[in-house]
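1. coords please:
(one chain, ligands or ions: 1)
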Amino acid sequence: MKEFWKVIKRYVRPYVQYVGGSFLLNILSAVFNIFSFTLLIPILNILFSLDRKVYSFIEWGADGYGFKDILLNNVYWFVSEYMGLHGAGRTLLVLCLALVALTFVKTFCYFASSAVMVPIRTGIIRDIRSDIYNKIISLPIGFFTQERKGDIIARMSGDVSEVETSITGSIDMLVKNPILIIFYIGTLFFISWQLTLFVLVFVPVVIWIMSIIGRKLKAKSTEAQELWSDTMSQVEETLGGLRIIKAFLAEGKMAARFRKITNEYRRRTGRVNVRQVLAHPVSEFMGTAMIAIVMWVGGTIILGGKSPIDAPTFIFYMVMLYSVIQPIKDFSRAAYGIPKGLASMERIDKILGAENPITEKADPIRIKEFNTSISFRGVDFSYNESKKVLHSIDLEIPKGKTIAIVGASGAGKSTIADLIPRFYDVNAGKVMIDGTDVRDLCISDLRSLMGNVNQEAILFNDTIFNNIAFGVEDATLEQVEAAAKIANAHEFIMEKPLGYQENIGDRGSKLSGGQRQRISIARAILKNPPILILDEATASLDTESERLVQEALDRLMSSRTTIAIAHRLSTIKNADEIIVLDEGRIVERGRHEQLIELGGHYKKLYEMQTL
Ligand code: ADP
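-> From the prediction side, this is the model:
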């Protein structure tokens with residue numbers, strides 16, 4: 001329960017005024033409910049002509065009478081007076097109309113009290129989703145492996161909905177039901193405290209049974225949600241790999257794999273749900289058992305003729321008792337729902353609480369331009385303890401030069417490029433820009449100096465215009481067009497029916513590989529960064545698009561400092577320095593001709609490609 005209050009405190013604060021409104025409306029609803037049912041007493045009296053006593057008005061506050069006695073007496077007196085004047089039929093009609101009117105007011109209050117809670121429910125869920133999204137954006141790239149992506153999607157969809165139904169759904173019940181319960185039980189005491197004390201003996205038993213089932217539920221539902229994460233991971237993986245799945249005719253295999261996990265999920269959630277549906281019947285049964293026992297006990301007393309209350313008041317008592325059962329039931333439903341929701345909240349908090357190892361210093365150094373060089377000094381790096389990926393890398397990239405990094409796949413080329421914008425931090429040594437350690441710089445300043453073009457162009461499901469203008473605020477159409485022209489992209493864009501306003505589909509799927517690449521080059525051109533990182537930018541293209549893209553790249557690279565990771569050595573022949581990497585170590589460096597002459601790793605790589 002403590003965890004629950006923590007969650008509530010964290011998310012309900014901006015919405016307290018709604019809780020206040022609901023509180024008031026619920027009190028009104030409870031009061032009107034009690035008064036509407038009070039009318040049952042005179043109605044029953046009239047119908048069954050039970051009451052033959054002659055009432056006379058008692059002064060409010062008269063000595064020798066309790067408030068309750070005076071109240072009841074005066075109400076009876078008023079009704080009998082009215083009956084004497086207008087007849088029983090008319091009195092009955094008036095009472096029934098009053099019942100309808102009071103019930104209308106009561107149900108309206110009831111509705112309004114739930115309606116004012118709606119902004120809280122929807123607001124909290126929006127806040128949680130935004131929190132997760134903002135967290136995702138702030139976490140470093142290294143946080144997101146394939147498995148984690150599906151897991152995060154699962155948490156964002158499944159767990160957040162779970163919190164929505166169970167926790168925020170419970171807030172309403174937690175405001176409403178205690179008020180109803182307190183007012184109704186108060187009324188019960190008012191009518192007959194002896195009978196009510198007897199009733200209250202049952203309550204602890206009910207709560208005890210509910211809490212046992214609730215605790216079991218939380219454990220089971222955590223297991224189930226973990227499986228839901230695995231399910232989403234598979235969906236994410238499948239969407240990304242659909243091309244390969246079809247090419248390798250692996251549909252059946254993938255479907256079977258998916259079936260296995262959904263079956264397991266079904267089995268686990270099945271158990272959770274069975275326990276959950278137990279809540280209603282258990283409380284229903286216990287409620288009715290309680291009513292029956294009270295009916296028997298109370299009825300026996302009345303039949304014995306020593307009862308402090310008459311038969312119509314007893315019926316009213318039973319009605320109030322019955323009314324108290326529903327809120328208790330709802331309360332117990334919340335008691336079942338909350339553990340399930342808390343299990344989900346815990347999973348959400350795992351993301352929200354994830355630590356970001358890439359942090360900015362308290363007073364970071366601001367940097368607006370790039371002046372002299374990028375340098376690596378004795379840099380060691382590993383993704384995890386098991387294997388060192390870079391070994392004491394020393395590298396100097398002077399302003400305006402193009403440095404190419406080559407080597408077998410897995411040698412650590414991309415890793416070197418990722419260290420400069422601080423996508424990861426080094427384990428030893430340092431990376432510097434103009435002589436300042438990148439860890440001392442303001443991260444946004446550092447990254448604004450760089451433009452990336454990757455092997456797989458990373459585009460968004462949006463218009464061509466917005467994709468090119470992605471990194472620049474308030475870009476004009478002229479600027480975007482100019483960038484597209486330099487990137488050899490303007491022509492094919494103009495052939496699209498909507499031109500720059502054409503939507504390019506999920507990850508740019510409506511464009512060819514070369515077109516996607518030219519859009520991403522245009523994006524880099526528009527950002528106009530002094531440092532350019534090209535990660536195998538032409539590796540996945542055919543010769544014709546490669547020519548167009550290379551042309552665009554050459555224009556982009558001129559007058560910039562470029563780090564080019566290259567697979568095809570033909571594209572980097574003109575680099576000012578070529579760094580040959582082998583298993584995380586620099587093994588050769590120099591210009592193309594020098595390295596060929598050296599006859600080492602580079603020559604071997606080059607010969608393999610020219611063959
Ligand atoms: P290259 O770009 O030369 O192909 P990378 O720099 O991508 O090589 O990778 C170098 C090594 O680091 C490889 O052995 C690769 O398996 C490993 N590696 C790359 N990314 C990660 C990661 N996110 N987590 C763990 N290991 C990684």
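
2. from here on, just use CA atoms for contacts and neighbour counts.
-> Fine.

3. contacts only, for T196.
-> 185, 188-189 (Cα atoms under 8 Å, 6 or more residues apart in numbering).

4. and the residue of the stretch 1-150 of the chain found nearest the ligand, how far from N384?
-> Ranked by Cα to the nearest ligand atom, the top residue of the stretch 1-150 of the chain for proximity to the ligand is G142, at 5.4 Å. From G142 across to N384, the span is 11 Å (Cα to Cα, to the nearest Å).

5. of those two, who's got more company?
-> Neighbour count, other Cα atoms under 10 Å: between G142 and N384, G142 has more, with 11 against 8.

6. for T313, give its distance to the ligand.
-> From T313 over to the ligand the distance is 74 Å, taken as Cα to the nearest ligand atom, to the nearest Å.

7. so the closest residue in space to that residue that isn't next to it in sequence is in which element?
-> Of all residues not flanking T313 in the chain, I41 sits nearest, at 5.9 Å (Cα to Cα, 6 or more residues apart in numbering). Taking DSSP states H and E as the definition, one finds I41 inside helix 40-48.

8. that helix: what's the following helix or strand?
-> Taking DSSP H and E, what comes next after helix 40-48 is helix 67-86.

9. any idea of the mean pLDDT for that next one?
-> Averaged across helix 67-86, the pLDDT comes to 82.

10. swap in stretch 29-42?
-> Per-residue pLDDT over stretch 29-42 has a mean of 87.

11. what does stretch 12-19 give?
-> Across stretch 12-19, the per-residue pLDDT values average to 88.

12. what's the pLDDT at T262?
-> pLDDT at T262 comes out at 92.

13. for the helix holding I41, packing partners?
-> helix 88-115, helix 311-352 (3 or more Cα pairs under 8 Å, 6 or more residues apart in numbering; DSSP states H and E).

14. how big is the angle separating the longest one from helix 40-48?
-> Compare the direction of helix 311-352 with that of helix 40-48 by axes from the mean of the first three to the mean of the last three Cα atoms, to 10 degrees and you get 140 degrees.

15. do the first one as well
-> Orientation of helix 88-115 against helix 40-48 (the same axes, to 10 degrees) gives an angle of 150 degrees.

16. which other helices and strands does helix 88-115 contact?
-> Using 3+ Cα pairs under 8 Å, 6+ apart, helix 88-115 is in contact with helix 16-38, helix 40-48, helix 67-86.

17. again, only using 6 Å
-> helix 16-38 (3 or more Cα pairs under 6 Å, 6 or more residues apart in numbering; DSSP states H and E).

18. give me the neighbour count for the residue lying closest to L342 once chain neighbours are set aside.
-> Once flanking residues are discounted, L342 sits nearest to F4: 6.8 Å by Cα to Cα, 6+ apart. If you count neighbours by other Cα under 10 Å, F4 ends up with 15.

19. for I563, same thing?
-> When neighbours are counted by other Cα under 10 Å, I563 comes out with 24.

20. and it, that one's in a strand?
-> Yes - I563 forms part of a strand when assessed by DSSP: H, G, I helix; E, B strand; the rest coil.

21. which residues are in contact with it?
-> Neighbouring residues of I563 by Cα atoms under 6 Å, 6 or more residues apart in numbering: 402-404, 533.

22. make it 10 Å
-> 397, 401-405, 416-417, 452, 531-535, 557, 575, 577-578 (Cα atoms under 10 Å, 6 or more residues apart in numbering).

23. and L498, what are its phi and psi?
-> phi -100, psi 10 (degrees, to the nearest 10).

24. tell me the pLDDT of M232.
-> 81.

25. what about it, which helix or strand?
-> helix 202-240.

26. next structured bit after that helix?
-> helix 242-247.

27. for that following helix, which helices and strands make contact with it?
-> helix 202-240, helix 251-303 (3 or more Cα pairs under 10 Å, 6 or more residues apart in numbering; DSSP states H and E).

28. pick the most buried one from the ones you listed.
-> For those, the largest average neighbour count (mean count of other Cα atoms under 10 Å) is found in helix 202-240, namely a mean of 17.

29. now what about the helix holding I41, what contacts it?
-> So helix 40-48 is contacted by 49-52, 75-76, 79-80, 83, 88-89, 91-96, 99, 310-317, 319 (Cα under 10 Å, 6+ apart).

30. in that helix, what's buried?
-> 40-46 (16 or more other Cα atoms under 10 Å).

31. pull the distance from that helix to the chain's centre.
-> 55 Å (Cα atoms, centre = their mean, to the nearest Å).

32. do the same with stretch 107-119
-> 25 Å.

33. give me the buried positions along it.
-> Per 16+ other Cα under 10 Å, stretch 107-119 contains these buried residues: 109-110, 112-114, 116-117.

34. restrict that stretch to CA atoms and write it as PDB.
-> Extracted C-alpha coordinates of stretch 107-119, given in PDB (Å, rounded to 0.1, in the frame of the first residue of the first chain):
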ATOM      1  CA  THR A 107     -27.500   9.800  -9.400                       C
ATOM      2  CA  PHE A 108     -26.500  13.100 -11.000                       C
ATOM      3  CA  CYS A 109     -24.000  13.700  -8.200                       C
ATOM      4  CA  TYR A 110     -22.800  10.200  -8.600                       C
ATOM      5  CA  PHE A 111     -22.200  10.700 -12.300                       C
ATOM      6  CA  ALA A 112     -20.600  14.100 -11.800                       C
ATOM      7  CA  SER A 113     -18.200  12.700  -9.100                       C
ATOM      8  CA  SER A 114     -17.000  10.100 -11.600                       C
ATOM      9  CA  ALA A 115     -16.900  12.600 -14.500                       C
ATOM     10  CA  VAL A 116     -14.600  15.000 -12.700                       C
ATOM     11  CA  MET A 117     -12.100  12.100 -12.200                       C
ATOM     12  CA  VAL A 118     -11.800  11.500 -15.900                       C
ATOM     13  CA  PRO A 119      -9.200  14.300 -16.400                       C
END
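
35. can you tell me what sits against it?
-> 15, 17-30, 32-33, 102-106, 123-125, 168-169, 171-173, 175-176.

36. tell me the mean pLDDT for that stretch?
-> 90.

37. hmm, back to that, least confident of the helices and strands packed on helix 242-247, on average?
-> Checking each of the helices and strands packed on helix 242-247, the one with the poorest mean pLDDT is helix 202-240, at a mean of 74.
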